[in-house]
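J.: Kindly return the folded structure for what I paste below:
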Amino acid sequence: MLVNQSPWPLFTNDLDHARKWLKEAWRASPAHPQLPQLVHWGLSLGLYEEVEDWLADYTNELPILYQQKIHYRIARIKGKANPYLTLVTEKRMEKVANEFKSRSSKDSSSIRININGGIGDHLQFFSLLFWWNSLTAKSVHVEISQGRAEQFGELLQYLPFVEWTIISNESDDPVSCYTSLDFELITSYMYSRLSYASWLIDSYSSGDTSKGFVFCWQSKGVDDLLSCFMRSVQFEDVCCFYKQLRDKYPKVVIIDITDWNLWEKFILKGMGIDLYSPFDKKLIDLITLISDFRVFTIDTALAHLCASMGKKATILLPLYPDERWYELAKPSCSYGSYLQLLKQSRFGCWKNELKFIADTI
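T.: Now for the predicted structure:
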């Protein structure tokens, strides 16, 4: 089997075909330059046992830290108790937690957390931070990039216990700074659970959602194109869905915030769909837009925004979702309380889920 295969066989609704290609790529050469990505894709295809077996056979082919993160993700997917123990020993975790407690008993500058990732990652972290503060009443120092600070804008005032530092790229002092993953692990160890709270409830006036519907159908991340593909609903299916919805509600307002291609936008406008681009706007503008509308979205930042707002929404998840959703879906979390999660019943196919929405909307 050739090493330099195209990854395109993975972009399919044929699960057996995608899995076969990936397993052959694993066997082709353990020294494949894209090996970490290939192993990661195994989780995206539900090959949990196979990934663990592969790691056991090729222990020396991947950095230890990367292997630990893969084991951590699988442990969360399987719902194992204390999944953080795949990353550190209990003795080490206890030492880190005690150090964290000692720092938090001092002034807020003693706890410094550097947050990175997408808008959805930020919203999820702030929900966790808000829950932690409700338990401890402690302050914390958070480093955030200039770009993200501008997108959040005045919304950051809803976290009054946080002292903000705007940074250009990486942490100014990475040695003394926790990452958001560090904070998640420490919190999970200290409280034997994680929870997430709605922290933007006061940022909008809750309407009766009678104005119409807001939809987001595709993910545009560049780091993992397969994940984006699996989370996204294809344009043809969206058009069929909108036709059904238009037949049912000829005059209802339908807003689509997906970043479609120009020719796709042209077709949607011809169907009477209002298009909205949130990419050059602040989050407060998107909050204002969706306040009086029913929201339907794939796993993207809009889902995290609704949970942060305490706004009910319907979320489409792929057959093998990101492992975070196994935690977020718990009823004790704002995500589980406000979001209706529709998990894909067939790999790569959203027809059943779209039919359910069209029939029940």
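J.: ok but residue 142 is inside a helix, no?
T.: No: with DSSP: H, G, I helix; E, B strand; the rest coil as the criterion, residue 142 is strand rather than part of a helix.
J.: For residue 298, see how far away it is.
T.: 28 Å (CB to CB, to the nearest Å). C-betas here are computed from N, CA, C, even on glycine.
J.: repeat for residue 40
T.: 19 Å.
J.: cool, and residue 348?
T.: In terms of CB to CB, residue 348 sits 13 Å off from residue 298.
J.: quick one on the thing from earlier: between residue 40 and residue 298, point out the one with more neighbours.
T.: More neighbours surround residue 298 than the other of residue 40 and residue 298, with 22 against 18 (other CB atoms under 10 Å).
J.: Quickly list what that one is bridged to.
T.: residue 316 (DSSP bridges).
J.: Any stretches of the stretch 151-300 of the chain with poor pLDDT?
T.: Counting by pLDDT under 70, the stretch 151-300 of the chain shows low-confidence ranges at 169-176, 205-209, 222.
J.: Show me the helices in it, by range?
T.: 180-191, 225-231, 235-248, 262-270, 283-290 (DSSP state H, counting those that start in this stretch).
J.: Buried residues, the second one. List them.
T.: The one in question is helix 225-231. Buried residues in helix 225-231, defined by neighbour count with 16 or more other CB atoms under 10 Å: 226, 227, 228, 229, 230, 231.
J.: for the third one, same thing?
T.: Burial within helix 235-248, assessed by neighbour count using 16+ other CB under 10 Å, is assigned to 235, 237, 238, 241, 242, 244, 245.
J.: Spatially nearest residue to residue 351 (excluding sequence neighbours)?
T.: For residue 351, ignoring the flanking residues on the chain, the nearest one in space by CB to CB, 6 or more residues apart in numbering is residue 237 at 6.9 Å.
J.: separation between the residue lying closest to residue 338 once chain neighbours are set aside and residue 293?
T.: Closest residue to residue 338 apart from its sequence neighbours, by CB to CB, 6+ apart: residue 312 at 5.2 Å. According to CB to CB, residue 312 stands 11 Å off from residue 293.
J.: Contact partners for the residue nearest to residue 234 when sequence neighbours are not counted?
T.: Excluding the flanking residues, the one nearest residue 234 by CB to CB, 6+ apart is residue 350, at 7.9 Å. Contact analysis of residue 350 by CB atoms under 8 Å, 6 or more residues apart in numbering lists 233, 234, 237, 316, 344.
J.: repeat for residue 149
T.: Going by CB under 8 Å, 6+ apart, the list of residues near residue 149 reads 156, 164, 166.
J.: Would you check that the second one makes contact with residue 156?
T.: Yes: contact status for residue 164 versus residue 156: in contact at 6.3 Å, counting by CB atoms under 8 Å.
J.: So which of those two has more stuff around it?
T.: residue 156 (15 against 12).
J.: Tell me the spacing between that one and residue 162.
T.: Residue 156 is 7 Å from residue 162, by CB to CB.
J.: measure residue 273 to residue 213 for me?
T.: 10 Å.
J.: Show me whatever sits in contact with both of those two.
T.: 254, 255.
J.: picking that back up, got the contacts of residue 350 as TSV, with distance to residue 338 columns?
T.: Listed next are the contacts of residue 350 as TSV, based on distance: CB to CB, whole Å:
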residue	distance to residue 338
233	21
234	27
237	26
316	15
344	21
